[in-house]
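A.B. asks: Just to be clear, the model below is a prediction. Sequence and coordinates:
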Amino acid sequence: MKQPKEKTDRPVAAAPEKPLPKARPSSNGSSLDVDGRRRVVIEGVRPEIDGGRFPIKRVLGQSVVVEADVFTDGHDEITGMIRYRHEREQQWTDVPLVFVENDRWRASFEVLEQGLYCYTVIGWIDHFRSWQRDMRKRVAADQDVTVNLLIGRDLIQAAALRAAGVDAERLNAIATAMEHGEQREQTLKTVLEQELADLMARHADHPWPTTYDKELAVIVDRVRAGFGAWYEAFPRSCATEPGRHGTFQDCEAHLPYIAGMGFDVLYLPPIHPIGWTFRKGKNNDPVGNPDSVGSPWAIGAAEGGHQAIHSDLGTPEDFRRLVGKAQEQGLEIALDLAFQCSPDHPYVKQHPEWFVQRPDGTIQYAENPPKKYQDIYPLNFESDRWDDLWRELKDVVVHWIDEGVRIFRVDNPHTKPFAFWQWLIAEVKRDQPDVLFLAEAFTRPKVMYRLAKLGFTQSYTYFAWRQTKSELTQYFTELTKTDVREFFRSNLWPNTPDILTEQLQHGGRASFVSRFVLAATLGANYGIYGPAFELMESRAQRSGSEEYLDSEKYEIRAWDRDRVDSLRELICRVNRIRRENAAFHHDENLVFHPVDNEELIAYSKRSVDGENVTLTVVNLSPHYVHSGWVQLDLHALGLQTGSPYQMVDLLTEACYTWEGPRNYLKLDPHSMPAHIFLIRRNLTNRT
């Protein structure tokens, strides 16, 4: 395990904690339920989510920085530790707390295995440090310290009994010198040195420690959970001939195109058989025709349900081949997990108890009055056979894991019980900790946050609808600077098959570019629905609607991916910038910098080691040139006042020299509505 540089911060194996003595009756006959010798108070521990009910989130290699208020009565010195262990370990590891200010202490530990870690805080009265502190004062005041040396001798002798080898010999030698008054000046120097304090700390005795009353948890995922670029595509629209239903083999041919743009995850909408009853026609027409291909989210037909594959897409062998070929291109396949059924799904006949039966004998279809979705039956999680339903849905997930899928995008999880998701995700990750779940829950904030707390790895956000500088600044400050950042991992999507915002409908190319740059640089995880995005599809079904005209959800589309006006090259460049600059690999480092123009937004990111620093500036207006003065927080950027620094625009390769916090910017949306600057500093100017 990587060790911190400072010797005093070194993790150590925790000594077995002594059990709390049984309560004894007091003089008035009442029962004492505490040991009064435990004098240290521990409170205000962070991070802690909802009183410790839910774990925080990290990815492999990240640190957990823990803070706590630790104090006691009187003036005794305190020693505190962060105590942590992986769920598979029995032994705890302790990391010493470091004093911050005002009874606030801090320490950190690194998570190096997937799965669950536990951590807590422990503190005790440190009698040796108290003695050494007071001894320094007495010596400085030239007081008689004869008795005080004997008190210290007893503490050191007790530590020598707990030590062994060289440490025991050294402690015994010091104690003997203190007892006999040998070389008094040298003895006084020795007992006041930090070396002895470190030696005593290694063999400390803390018979009455206070342990925080909760064991808190950290769920650790693989690195892909924390950083990645997603691309959504419909396999049925991958055919080379217009109008033909695409196959997995057709999709396989497009893998170099997707990987070449720098994406990490290819997300496929449902690939299962589609029901015929009430099958939708083009543009969500409630009356289809024999040629209608229907919505992939109307899952289930005579040939099978959630564990089956649409026959026009291919066979299970074809799907497994697609997964393997994607891996060769550096892509992971993410699969849609939509727990709902068409009227033709086998579950409807096999398990009618899993659906809501209406008084007229029909099954309740999905609706959001006045909208009706007769092609979809919701599952009834209040069924008397709910436990069988839960187990069946888990089997669905396990089936696709066995087929090579390790990432699931979950459709509308907020319409299923929280308890179900908490159980399902825990069950799956217990055996397969590398499986990731993305929650597609465009709903109320508290519901979105609850889903994240109970296990979802990542979450869609309100990014698509946050468009002004104040909206973006306020929202991303909430996501990155509050406790939300400990459990909610954002995945930013400027468009989806269901979301074509008004800004994309009317803002032209500049709007697509600016929204893409925002998504890719504000968030470590982002995604686009393509090829609709890179080809700047902006036609809405009707005015005021966010539905696409000729939506791919209801028909096969033929895309000209080689169009000369495609954003393909820009996307490739931005994804390369993201990969090459560690500042973009996490979210909590986001800092906004004021600009005296409401149409210009500026924000920086800095890598964990502080060496990689970026500044992104975006013109939020797709129609007009805007300029302004940005006021940089030099400290956040690691810059010194009065020293020039170089600004390299990674989008255009232009280079500028700036100095001081206030600098001028001008962005023309008709050429390039954004800067992504790499800030270069001389080594002598780094802070």
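C.D. replies: On my side now, so go ahead.
A.B. asks: What part of the chain, helix or strand, is modelled with the least confidence?
C.D. replies: Every helix and strand of the chain was ranked by mean pLDDT, DSSP states H and E. The lowest is strand 12-13, at a mean of 50.
A.B. asks: which strand is the longest one in the protein?
C.D. replies: strand 115-125 (DSSP state E).
A.B. asks: any idea which helix or strand comes after that one?
C.D. replies: With elements assigned by DSSP states H and E, the helix or strand that comes after strand 115-125 is helix 127-140.
A.B. asks: elements contacting that following helix?
C.D. replies: For helix 127-140, the elements it packs on are helix 146-162, helix 184-192, helix 194-202, judged by 3 or more C-beta pairs under 8 Å, 6 or more residues apart in numbering; DSSP states H and E. From N, CA and C alone the C-beta is placed, and that goes for glycine too.
A.B. asks: mean pLDDT for these: which is lowest?
C.D. replies: Looking at these, the lowest mean pLDDT belongs to helix 184-192 (a mean of 90).
A.B. asks: Could you figure out how far it is turned away from helix 146-162?
C.D. replies: Regarding helix 184-192 and helix 146-162, their directions subtend 50 degrees when assessed with axes from the mean of the first three to the mean of the last three C-alpha atoms, to 10 degrees.
A.B. asks: what about the helices and strands packed on helix 127-140, which gets the closest to A302?
C.D. replies: For A302, the closest of these is helix 194-202, at 71.3 Å, according to C-beta to C-beta.
A.B. asks: residues making contact with that closest one?
C.D. replies: The contact list for helix 194-202, computed with C-beta atoms under 8 Å, 6 or more residues apart in numbering, reads 7-8, 12, 79, 96, 128-129, 132, 155-156, 159, 163, 167, 170-171, 174, 190.
A.B. asks: need the contact list for V625.
C.D. replies: Contacts of V625 by C-beta under 8 Å, 6+ apart are N619, K666, L667, D668, P669, H670.
A.B. asks: From A582, how far out is it?
C.D. replies: To A582, V625 is 33 Å away according to C-beta to C-beta, to the nearest Å.
A.B. asks: And L171, by the same measure?
C.D. replies: 45 Å.
A.B. asks: Neighbour count: those two, which is higher?
C.D. replies: Neighbour count, other C-beta atoms under 10 Å: between L171 and A582, L171 has more, with 24 against 18.
A.B. asks: residues of the helix or strand that contains that one that come out buried?
C.D. replies: According to DSSP H and E, L171 maps onto helix 165-180. Across helix 165-180, burial judged by 16 or more other C-beta atoms under 10 Å covers D167, R170, L171, N172, I174, A175, A177, M178.
A.B. asks: nearest to D312, of the residues you listed?
C.D. replies: Taking C-beta to C-beta as the measure, D312 lies nearest D167 of the buried residues of helix 165-180, at 73.3 Å.
A.B. asks: residues in contact with the closest one?
C.D. replies: D167 neighbours (C-beta under 8 Å, 6+ apart): L199, R202, H203.
A.B. asks: where are the low-confidence patches of the protein?
C.D. replies: 1-32, 181-182, 682-687 (pLDDT under 70).
A.B. asks: Let's see that with 80 instead.
C.D. replies: Applying pLDDT under 80 to the chain flags the ranges 1-34, 180-183, 682-687.
A.B. asks: Quick check: phi and psi at the residue nearest in space to the middle of the chain.
C.D. replies: Centroid-nearest residue in the chain, with C-alpha atoms, centre = their mean: R489, separated by 3.6 Å. Dihedral angles of R489 (phi, psi; degrees, to the nearest 10) stand at phi -100, psi 120.
A.B. asks: how about the nearest residue to it, chain neighbours excluded?
C.D. replies: Distance criterion C-beta to C-beta, 6 or more residues apart in numbering; nearest residue to R489, sequence neighbours excluded, is Q458 at 4.5 Å.
A.B. asks: Contact partners for E555?
C.D. replies: Counting by C-beta under 8 Å, 6+ apart, E555 has contacts K282, S292, V293.
A.B. asks: can I assume G123 is in contact with D76?
C.D. replies: No: contact between G123 and D76 fails when scored by C-beta atoms under 8 Å: they sit 11.2 Å apart.
A.B. asks: For those two, indicate the residue with more neighbours.
C.D. replies: G123 (25 against 17).
A.B. asks: Report the beta-bridge partners for the more buried one.
C.D. replies: On the basis of DSSP bridges, G123 is bridged to G80, T210.
A.B. asks: next one: F99
C.D. replies: F99 has these beta-bridge partners by DSSP bridges: W105.
A.B. asks: Who are the packing partners of the helix or strand where R576 lies?
C.D. replies: Secondary structure assigned from DSSP H and E places R576 in helix 568-580. Under the contact definition 3+ C-beta pairs under 8 Å, 6+ apart, helix 568-580 sits against helix 508-522.
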